[in-house]
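In: Quick one, what's the 3D model for this:
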Amino acid sequence: MPSMRACVALIAVILVIESLLVSATPEARKEPKRFKRSLHRTKRAAHDIRNCETSPTYLPPTVIRTEERLKLLRDRMRERRWDLDAYIISNTDPHLSEVPPLRDRRQEFMSGFRGAYGTAIVTLDKAMIWTDARYWIQAEQQLDCNWELMKEGTIDEERDPNDPELPDILIPSPVEWLLEYMPVEAKIGFDPRLMSIDEYFHYNLTFEHYEFKRLTMVWIQEFEYNNEPDEVFTNIIDYLWEREGSRPAYAREPLVTVDADTYTGYTWEEKIFGYKDERSLRWIMKEKNAEALIITKLDEVAWLFNLRSADIPNNPFFLAYSIITNNEIRLYLYDRQWKVNREVEDHLGIGQDSACPEYDSRNRPLCIQLRNYDDFLDDVNRLLIQTSGRIWVTNSSSIAVFNASTPKTSSALREKRFVEQSPILRMKAVKTKEEIEGMKNAHIRDSVNFVRIASYIEETVEYQREQNKRIEPDDPDYRIYISELDVIKRLEEFRKQELSYVMPSFQTVSAFGHHSAMVTYNVTEQSDIRIDETKLYLLETGAHYLDGTTDIARTFWFEYKKTPPQHLRDQYTRVLMGLIDLSDTVFRTNIYGRELDAIARRALWKNGLDYLHASGHGVGHYLNVNEGPIGFGLGYEVSEIPLERNMVLTNEPGYYSEKNEYGIRLENVMVIVQANTNYTFGDYDWNTFDTISLVPFEKNLIDHTMLSIDQIKWLNTYNKKVRKVIGPYLGSSTTTARKWLDRRTEKITYKYSVSGAETTVSTVTTFMVSVVSIILSRFL
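Out: Residues are numbered from 1 along each chain as shown. I've put the predicted structure just below:
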């Protein structure tokens, strides 16, 4: 038995040798580039939001000053042609896209707020913006003090809390606010191209109900300035933006075709004329007695015609509309001369004169008529006049489409229109076998890249700590080797090595410390901070590949030599329990996602915790990463449809500190598959979920004693699959990424006993054994 002194000496020698070996590695020989920034700004970022109560007010560097823009807008509102008391600024485009093109981000131009969801109203003396909990912190960092933030779903602080007649009054919605604060006979201006049918009728019907206020919605359509016919605008803000000279142009990216045999399973002809064994679009139109279908959503047009492009950031779409009739197929393309090449013409079967010269034996057109994007609304009006049958306007269309050229159209003709959910929503939500296979393969590739970036972050954080052993974190000389932006750039490098990679599916959330408390944090050069071992780090990212779209989130703790605080382990484990429970759910047909949402929250609810976003959303196939009309969320959505096999959804519970100190989110993508049950009740089919995201969880954040036997079994099965499928892509067991994976996929062993009515479960994880082994291996 060696003496204690000998052991200490041996350990010292081993540590010296180990440090020499580390310094000899290629990564260490080439020192990472040091950021040339002071850490003092990073410290301040935790509180870097506007403060409008001080004098002078404080605005962070992420704010855009809006005084001049608001003044110019109010000057236009006062013009005699309108004489507006308020103007509604929508955060969308004429297709009502969740992510509009840069050229259509009018709300961002006017306010500086870059969140994906919001409604702004500007009056002659106020500027208000409504958004939900996902964007509250972001709004406080990007709005100046000319804007009042209206936090949807919260208590109105301006109400008298002691008034028993007004208990717990919520922040008023935009329409409620207009009713309360606008004067009698006020005029509310808006752009009809940017307001949905439902939203317009909600405003109008509400105003009519409170007829004593006599509020009027004023359509702002085409208008000229300075009597110059060449300068025609359809939106007041467009005029201001163009005059400022900062409005970007629409992207000019060519169309690309998506092969049916390899990727989609069906050609565009089969989708419109007839599937091999499914109902076609024309079949559904016939069932609805519709002679024409108006298609306005970009993802629906892209899916229907098996075409993609890159007009929208992080979305493979192009600006287009379509009209499908019983004898015509029209595709309205923006900048069509630039976008259409010979391959696209052949794909669409376009003749020389674009007049669709080819017909089948039943006299059905086999090609597509290309038309100019700007002719769409006029053609909708002509369709009303020329068509004898009913016209199907989807409820995702704007009120401008529904009331296309209203003054020229009689009420009798307008009655031919009917509004209903687009049939394409369900058609593309239920994936083909080719799409399912592609989604699985895309998630394997993206999971490999996620593991590579996670192991890279951990290794670099450890290297950074070693290089700063004798330097205080607040010291300006602290050497920074990795930041939030670094991760995004390095991950993009990894993905670009894949031949099938196209683009990110959304802006990556790379959030360290307090930034992770922002559900949709988007790092900028101004907000970028270092990543280290002292706090939680949240990474949510996704990608478009030719064969599928991905979306995944993990939360990390890089101080693996130190046990995280128990409250973090408790909250992380409860989030994980919710993810496991939803993943393991068995449910029957005719069940909506909203009916399963509480399963993901149950473990958090048991301890008085919750999160303010949905527990999941649909995922498109090389389309929208956030695809309706399915998902897991509290509350009723009129467009939601029941869950079916071969639908793809995310599973993403989370928890966010109410003090905005940190956030936890875990996210996987799942496919609905048939469940194996011993019984079958009635005529129901039984379904469950197959998880296709394959990245392990942060094991030192898991309190295994909180997990049930079924949850441990699920986790072991998942880890085994991750190791089996992803491991071979990471090389030998000696690579950094493979070691990272292996440490987190060790089997969890447990034992339990039954005594009376109580079951005792105790876990002895091989993770603990592996930790001991690692420690011993350093000294033996």
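
In: And the residue nearest to I294 when sequence neighbours are not counted, how far from R279?
Out: In space, and not counting its chain neighbours, I294 is closest to V393: 5.0 Å by CB to CB, 6 or more residues apart in numbering. The way it works is simple: take the backbone N, C-alpha and C, and place the C-beta from them, glycine included. In this view, V393 and R279 are 21 Å apart by CB to CB, to the nearest Å.

In: So for these two, which sits in the more crowded spot?
Out: Higher neighbour count among V393 and R279: V393, with 25 against 13, using other CB atoms under 10 Å.

In: Name the next helix or strand downstream of the helix or strand harbouring that one, please.
Out: Using DSSP states H and E, V393 falls within strand 390-394. With elements assigned by DSSP H and E, the helix or strand that comes after strand 390-394 is helix 399-402.

In: what's the spacing between that next one and its chain's center?
Out: 26 Å (CA atoms, centre = their mean, to the nearest Å).

In: just stretch 701-712 next, same as before
Out: Worked out by CA atoms, centre = their mean, stretch 701-712 lies 29 Å from the chain centre.

In: any idea of the mean pLDDT in that stretch?
Out: For stretch 701-712, the mean pLDDT works out to 96.

In: Report the buried residues of that stretch.
Out: For stretch 701-712, the buried set under the neighbour-count rule, 16 or more other CB atoms under 10 Å, comprises 701-704, 706-707, 711-712.

In: ditto for stretch 462-479
Out: Quick answer for stretch 462-479 (16+ other CB under 10 Å): 462-464, 467-468, 478-479.

In: Look at G731 and say how many residues are nearby.
Out: Neighbours around G731, by other CB under 10 Å: 11.

In: For the remainder of this discussion, apply numbering that starts at 8.
Out: Renumbered: residue one is now 8, and that last one reads G738.

In: before we move on, back to that, now for the buried residues of stretch 469-486: which two are most distant?
Out: Based on CB to CB, the longest span within these runs between E469 and Y485 and measures 15.4 Å.

In: what ranges do the strands span in the stretch 258-407 of the chain?
Out: Using DSSP state E, counting those that start in this stretch, the strands of the stretch 258-407 of the chain run over residues 263-264, 297-302, 314-315, 327-332, 336-340, 376-379, 397-401.

In: Not counting its neighbours along the chain, what's nearest R595?
Out: Closest to R595 by CB to CB, 6+ apart is Y691, at 4.0 Å.

In: Same question for I637.
Out: For I637, the spatially nearest residue (CB to CB, 6+ apart) is G625, at 4.3 Å.

In: if I look at that neighbour, how far off is V106?
Out: Distance from G625 to V106, by CB to CB: 15 Å.

In: One more: F120?
Out: From F120 to V106 the distance is 15 Å (CB to CB).

In: Neighbour count for those two, which is higher?
Out: Ranked by neighbour count (other CB under 10 Å), F120 and V106 place F120 first, with 25 against 20.

In: Check the gap between A518 and E74 for me.
Out: For A518, the distance to E74 - CB to CB - is 31 Å.

In: same thing with R121?
Out: 19 Å.

In: Comparing the two, which residue is more hemmed in?
Out: R121 (21 against 10).

In: quick check, the more buried one in a strand?
Out: No: assignment of R121 by DSSP: H, G, I helix; E, B strand; the rest coil gives coil, placing it outside any strand.

In: Spatially nearest residue to it (excluding sequence neighbours)?
Out: E115 (5.3 Å).

In: Quick check: which element contains that neighbour?
Out: Assigned by DSSP H and E, E115 falls in helix 113-118.

In: so what does that helix touch, helix or strand wise?
Out: If you count contacts as 3 or more CB pairs under 8 Å, 6 or more residues apart in numbering; DSSP states H and E, helix 113-118 packs onto helix 74-84, strand 93-97, strand 126-130, strand 134-138, helix 243-251.

In: how about the ones you listed in a markdown table, adding mean pLDDT and distance to R315?
Out: Below are the helices and strands packed on helix 113-118 laid out as a markdown table (pLDDT from 0 to 100; distance: least, CB to CB, whole Å):
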| stretch | mean pLDDT | distance to R315 |
| --- | --- | --- |
| helix 74-84 | 96 | 35 |
| strand 93-97 | 96 | 26 |
| strand 126-130 | 97 | 30 |
| strand 134-138 | 96 | 30 |
| helix 243-251 | 93 | 27 |
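
In: can you put the ones you listed in JSON lines and add distance to E668?
Out: Compiled in JSON lines, the helices and strands packed on helix 113-118 are given as follows (distance: least, CB to CB, whole Å):
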{"stretch": "helix 74-84", "distance to E668": "33"}
{"stretch": "strand 93-97", "distance to E668": "33"}
{"stretch": "strand 126-130", "distance to E668": "29"}
{"stretch": "strand 134-138", "distance to E668": "21"}
{"stretch": "helix 243-251", "distance to E668": "37"}
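
In: Which one of the ones you listed lies nearest to H522?
Out: strand 134-138 (17.9 Å).

In: what residue ranges in the stretch 158-307 of the chain score low on pLDDT?
Out: 163-175, 229-239, 282-285 (pLDDT under 70).
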